[in-house]
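Trainee: sequence and predicted model, in that order:
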Amino acid sequence: MYVIKRLLQLIPILLGITFLSFAMMHIAGSDAVVQKYDRAGIAVAAEVVAAERAQLGLDRPFLTQYIVWLGNLLHGNMGVSFMTGRDVFATFMDKLPATLLLTASSVLVTIAVSVPLGIAAAVRRNSPVDYVIRFFSFCGNSMPNFFLALVLLYLFAVQIPLFSVLSSGEGLEHLALPTATLAIAMSAKYLRQVRAAVLEEMGKDYVLGAKSRGIPFSWTLRCSILRASFGTILTLLALSIGSLLGGTAIVESIFMWDGVGKLAVDAIHGRDYPMIQAYVVWMAFIYVVVNLLTDIVYRIADPQIGWKEGRRR
């Protein structure tokens with residue numbers, strides 16, 4: 001019942017997001033047909049442009065275009081790309097595995113770096129280890145993704161040619177730099193939050209009680225503190241997965257990684273409305289589903305959450 005209720009909440013969210021994105025694209029001006037001929041460097045008569053706009057339905061009022069698009073979406077038809085003429089859904093699914101691969105590798109590296117370093121910084125609070133970890137965390141947080149990507153490209157593809165400049169192929173050598181860019185930025189942010197979550201638990205009475213009874217701190221850390229911090233860590237990972245699946249557009253474009261993020265950037269440049277709308281639906285769907293899965297895991301890990309909500313009702 002809970003899952004069905006959460007899935008039903010997806011409907012108004014999708015309607016609102018798709019309507020707003022559709023409206024913003026029309027407010028932004030420009031035209032998909034004009035953009036296509038400008039990119040190709042071809043000058044055509046106004047009658048040709050008008051005929052092609054009529055064929056794509058761009059000469060209709062805004063609300064009519066949105067209702068037609070929504071009706072087609074409800075019938076499983078996401079339309080045809082204005083730029084390539086290919087089916088939008090098929091094109092999107094072709095690009096999705098690359099983004100899933102980049103997301104999975106980035107999340108794994110982020111977990112491997114941020115969780116142990118965050119715990120180490122909390123356990124050794126105000127020690128040299130803590131200061132060094134916090135310093136690199138501060139540096140990582142201060143650098144935006146695009147700048148970090150350019151620095152890594154310059155160092156490891158130009159000065160020391162360990163990796164190729166373009167990550168458009170398959171294999172570890174193409175995956176390494178985009179993964180490092182995303183993982184460094186996320187690890188810098190999340191290890192501080194892991195540190196804060198562990199420190200908060202370490203200051204609670206049950207930790208002092210365990211220490212006074214002679215229980216080894218390593219046992220308390222492993223069996224009590226980390227378990228209590230699990231909710232915070234799980235939330236961070238869920239948010240990172242959601243943002244990676246939908247928000248890797250800049251990194252994918254810099255490294256020419258052929259995923260849905262780069263596809264969305266190309267679609268925005270070309271005013272490819274059906275493709276942009278597919279990306280927007282994907283973003284909304286991913287965030288709602290990831291949040292839903294996080295809530296379900298919460299309830300499984302801590303059944304008291306559901307019991308407390310039931311008492312409040």
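Mentor: Everything's here; your move.

Trainee: scan the chain for its longest helix.
Mentor: The longest helix of the chain (DSSP state H) is helix 88-123.

Trainee: tell me which residues of it come out buried.
Mentor: Residues of helix 88-123 classed as buried: 88-89, 91-92, 95, 98-99, 101-103, 105-107, 109-111, 113-115, 117-123 (neighbour count, 16 or more other CB atoms under 10 Å). For every residue, glycine as well, the C-beta is placed using N, CA and C.

Trainee: for it, the distance to its chain's centre please.
Mentor: Centroid displacement of helix 88-123 relative to its chain, using CA atoms, centre = their mean, to the nearest Å, is 9 Å.

Trainee: helices and strands around that helix, which ones?
Mentor: Applying 3 or more CB pairs under 8 Å, 6 or more residues apart in numbering; DSSP states H and E, one finds that helix 88-123 contacts helix 128-142, helix 172-202, helix 230-247, helix 260-269, helix 273-301.

Trainee: helix or strand right after the second one?
Mentor: So the one you mean is helix 172-202. For helix 172-202, the following helix or strand on the C-terminal side (DSSP states H and E) is helix 205-212.

Trainee: show me how far that following helix is from its chain's centre.
Mentor: On CA atoms, centre = their mean, the centre of helix 205-212 falls 39 Å from the chain's centre.

Trainee: would you mind pulling the contact partners of that helix?
Mentor: With contacts defined as CB atoms under 8 Å, 6 or more residues apart in numbering, helix 205-212 is touched by 201, 217, 220, 224-225.

Trainee: same question for stretch 3-16.
Mentor: Stretch 3-16 has contacts (CB under 8 Å, 6+ apart) with 70, 281, 284-285, 288, 292, 295-296.

Trainee: in the chain, what helix or strand scores lowest on average pLDDT?
Mentor: helix 304-312 (a mean of 53; mean pLDDT, DSSP states H and E).

Trainee: count of neighbours near the residue nearest to residue 233 when sequence neighbours are not counted?
Mentor: In space, residue 233 comes closest to residue 194 once its chain neighbours are excluded; the distance is 6.0 Å by CB to CB, 6 or more residues apart in numbering. Neighbours of residue 194 under the rule other CB atoms under 10 Å: 24.

Trainee: surely residue 194 touches residue 111?
Mentor: No. Using CB atoms under 8 Å, residue 194 makes no contact with residue 111, being 10.1 Å away.

Trainee: quick revisit: for the residue nearest to residue 233, what are its contacts?
Mentor: For residue 194, the contacting residues are 114-115, 117-119, 122, 229, 232-233, 236, by CB under 8 Å, 6+ apart.

Trainee: identify the farthest-apart pair in these.
Mentor: 117 and 232 (15.3 Å; CB to CB).

Trainee: residue 270: which of the contacts of residue 194 is nearest?
Mentor: Using CB to CB, the shortest approach to residue 270 within these belongs to residue 236, at 35.3 Å.

Trainee: got a pLDDT number for the nearest residue to that closest one once chain neighbours are set aside?
Mentor: Of all residues not flanking residue 236 in the chain, residue 190 sits nearest, at 5.0 Å (CB to CB, 6+ apart). The model reports residue 190 with a pLDDT of 84.

Trainee: residues near residue 259, how many?
Mentor: Under the neighbour criterion other CB under 10 Å, residue 259 is assigned a count of 24.

Trainee: quick one, what contacts it?
Mentor: With contacts defined as CB under 8 Å, 6+ apart, residue 259 is in contact with 95-96, 98-99, 102, 248, 252.

Trainee: alright, calling it a day.
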